[in-house]
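Engineer: Provide a 3D model corresponding to the input given below.
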Amino acid sequence: MITKKLTLPISIILITLLLSVNTLLNAEQSQDVVQNDQVFKAKENLAYTIGVQAYIYGYATVELYRTFYEQVLDPSRGHSIGINEFNHIRKLTTPKDTWVVTPNNDTLYSRAWIDLSNEPIILHIPPIKDRFFVFPIGDFYHDTVVSLGWWNVGQNGGDFALTATNWQGVLPDGIERVDVSTPMAWVLARTLTSGDPEDIKQVHSLQDQYSLTPLSQWGQTSASKQKFERQYPIWNEEAPLNFFAILNEVLRFNPPRPADEGLIATFKEIGLHPTQQFNPDAVDENVRNGLMNAIKDAQGIMAVKSQSIAEIINGWLYLPGPKEFGTDYLFRAALESVALLHGESAMTVGYIGNIDGQGKPLDGNNDYEIKFDVPPPVFGFWSLTLYDGKTKLLVDNPINRYSIGDRTKGIKYSKDGSLTIHLGNQKPDGEASANWLPTPKGPFYVVIRAYNAGPEVFNGSWSPPPIIMND
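Structural biologist: Residues are numbered from 1 along each chain as shown. Below you'll find the model as predicted:
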């Protein structure tokens with residue numbers, strides 16, 4: 001059998017070879033694309049994971065800085081308060097006061113933002129007779145350093161040097177040293193007032209005597225404003241990654257505590273470590289996506305945690321006095337989201353009520369009542385204050401009543417000594433109107449504050465009653 005040898009034109013052979021090579025190259029490129037997509041996704045997931053932890057860890061610190069910036073540095077607000085000086089609130093808080101969430105309506109505030117990077121600052125508390133007062137001092141991780149009040153300062157007052165922990169020097173006689181764990185700190189003094197015009201004048205006289213003086217100017221008749229080398233970052237609400245940029249800068253000002261170092265070390269992966277300078281405009285797109293998703297999910301996690309931040313008693317979250325949060329970052333974030341700059345004293349107990357006795361969220365479209373068979377037992381005083389669930393501020397209402405307590409004029413007790421408080425958007429009929437605390441039409445919550453609480457509060461023999469929704 002004779003066979004013919006087939007021959008192909010060289011051009012066809014070359015085309016075939018080129019097609020084969022191109023097929024191989026495309027396969028390799030496709031594999032590279034798959035691998036690159038996996039790398040990009042891994043980077044996004046890494047940024048997301050670290051971002052969730054960083055947001056929860058840094059929430060209280062960033063909120064402190066936001067409040068500091070708005071009150072001290074924001075040019076649009078007129079710089080209502082300087083650094084290392086008091087700004088006194090001369091009236092009880094109202095719905096128009098937006099500078100702090102969940103404020104009390106019992107005391108006049110005296111607020112101050114502290115920077116100890118230059119030298120110690122001496123706090124002067126004058127003699128205060130027969131009146132509740134407290135000067136909580138906190139660091140920039142929101143741990144309460146100390147609460148100076150009538151129970152540990154006494155009625156004769158005193159002088160206290162707020163001092164960075166690494167400061168070395170000699171203080172004048174009669175001045176007590178208070179070490180503050182971060183160079184930046186805050187003071188939010190509270191002085192009790194009945195609300196009567198004459199009593200408010202007396203508190204004003206006390207506030208005028210509160211002072212913060214740099215050590216180098218102590219004893220001088222007048223003090224000059226301090227200058228600081230540090231450049232405080234601008235708060236830019238519109239910048240998508242503003243939170244992380246501020247957190248990075250504040251961590252650079254206020255070195256993290258040793259217990260935080262393990263978590264903080266992971267921040268290096270996204271340029272957030274205190275040894276780095278986070279530039280939100282220079283981050284990769286995948287990192288940006290991960291961090292943006294982290295913000296949303298971290299806020300959701302905090303919202304869930306806020307429902308269980310403390311022991312629940314009859315639907316109320318029980319909050320004893322100020323504490324050190326340690327490494328419980330989620331608890332700190334959830335609590336500070338509703339009670340920034342809190343911490344009056346270990347003798348002050350709080351209860352937060354945001355659900356009724358059936359476990360349903362409080363809503364101003366319904367009417368409720370709280371019947372105290374025995375009002376909160378205190379050596380000092382107590383109050384129940386109502387807040388808008390969305391803004392966390394006091395609720396504007398036609399009778400300008402924001403709280404009810406043992407000093408509220410016109411409220412009516414039953415013959416057996418019990419007290420029923422009525423919560424609702426519309427004024428109730430009859431005698432119930434005397435004990436009416438107006439609500440918004442939407443979500444709200446209430447807070448009981450027991451100042452200088454009695455032993456029944458601490459040993460659990462007294463508890464607030466459940467909030468009952470009326471039919």
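
Engineer: Low-confidence bits of the stretch 101-250 of the chain, can you list those?
Structural biologist: When residues are selected by pLDDT under 70, those of the stretch 101-250 of the chain lie in 223.

Engineer: Can you tell me the SS state at residue 123?
Structural biologist: Following DSSP: H, G, I helix; E, B strand; the rest coil, residue 123 is assigned to strand.

Engineer: Distance check, the closest residue to it other than its chain neighbours against residue 177.
Structural biologist: Nearest residue to residue 123, sequence neighbours excluded (CB to CB, 6 or more residues apart in numbering): residue 160, at 4.7 Å. (Each C-beta comes from the backbone N, C-alpha and C, glycine too.) Distance, residue 160 to residue 177, by CB to CB, to the nearest Å: 8 Å.

Engineer: Between these two, point out the one with more neighbours.
Structural biologist: Shown here are residue 160 and residue 177; by other CB atoms under 10 Å, residue 160 has more neighbours (21 against 12).

Engineer: so the more buried one sits in a strand?
Structural biologist: Yes - using three-state DSSP, the assignment for residue 160 is a strand.

Engineer: so what's the residue nearest to residue 123 up against?
Structural biologist: 122-123, 125, 148, 175-178 (CB atoms under 8 Å, 6 or more residues apart in numbering).

Engineer: so where's the stretch 301-450 of the chain shaky on pLDDT?
Structural biologist: 321-323, 341-347.

Engineer: mind running it again at 80?
Structural biologist: Along the stretch 301-450 of the chain, segments meeting pLDDT under 80 span 307-310, 320-324, 338-348.

Engineer: What subset of the contacts of residue 160 is buried?
Structural biologist: Burial by neighbour count, 16 or more other CB atoms under 10 Å: within the contacts of residue 160 this picks out 122-123, 125, 148, 175, 178.

Engineer: Present these as TSV; the columns should include distance to residue 39.
Structural biologist: Output for the buried ones among the contacts of residue 160, formatted as TSV (distance: CB to CB, whole Å):
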residue	distance to residue 39
122	56
123	54
125	59
148	55
175	59
178	51
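
Engineer: picking up where we left off before, and the residue nearest to residue 123, how close does it get to residue 208?
Structural biologist: For residue 160 relative to residue 208 (CB to CB), the value is 19 Å.

Engineer: before we move on, what about residue 118?
Structural biologist: Residue 118 is 25 Å from residue 208, by CB to CB.

Engineer: Compare these two (neighbour count), which wins?
Structural biologist: Each of residue 118 and residue 208 has its neighbours counted (other CB under 10 Å); residue 118 has more, 17 against 11.

Engineer: ok, and the closest non-adjacent residue to the more buried one?
Structural biologist: residue 226 (5.8 Å).

Engineer: which SS class is that neighbour?
Structural biologist: Secondary structure, three-state DSSP: residue 226 is coil.

Engineer: Is it in contact with residue 114, as I believe?
Structural biologist: No - Residue 226 is beyond contact range of residue 114, at 10.9 Å (criterion: CB atoms under 8 Å).

Engineer: Tell me which of these two has more neighbours.
Structural biologist: residue 114 (24 against 17).

Engineer: For the more buried one, name its beta-bridge partners.
Structural biologist: Under DSSP bridges, the beta-bridge partners of residue 114 are residue 185.

Engineer: quick one: buried residues of stretch 409-417?
Structural biologist: Buried residues in stretch 409-417 (16+ other CB under 10 Å): residue 411.

Engineer: Kindly report the same for stretch 430-442.
Structural biologist: Buried residues in stretch 430-442, counting neighbours by 16+ other CB under 10 Å, are found at 432, 435-440.

Engineer: Same question for whichever helix or strand residue 385 is part of: list its buried residues.
Structural biologist: Element membership for residue 385, per DSSP states H and E: strand 378-388. By 16+ other CB under 10 Å, the buried positions in strand 378-388 come out as 378, 380-388.

Engineer: Fine by me, we can end here.
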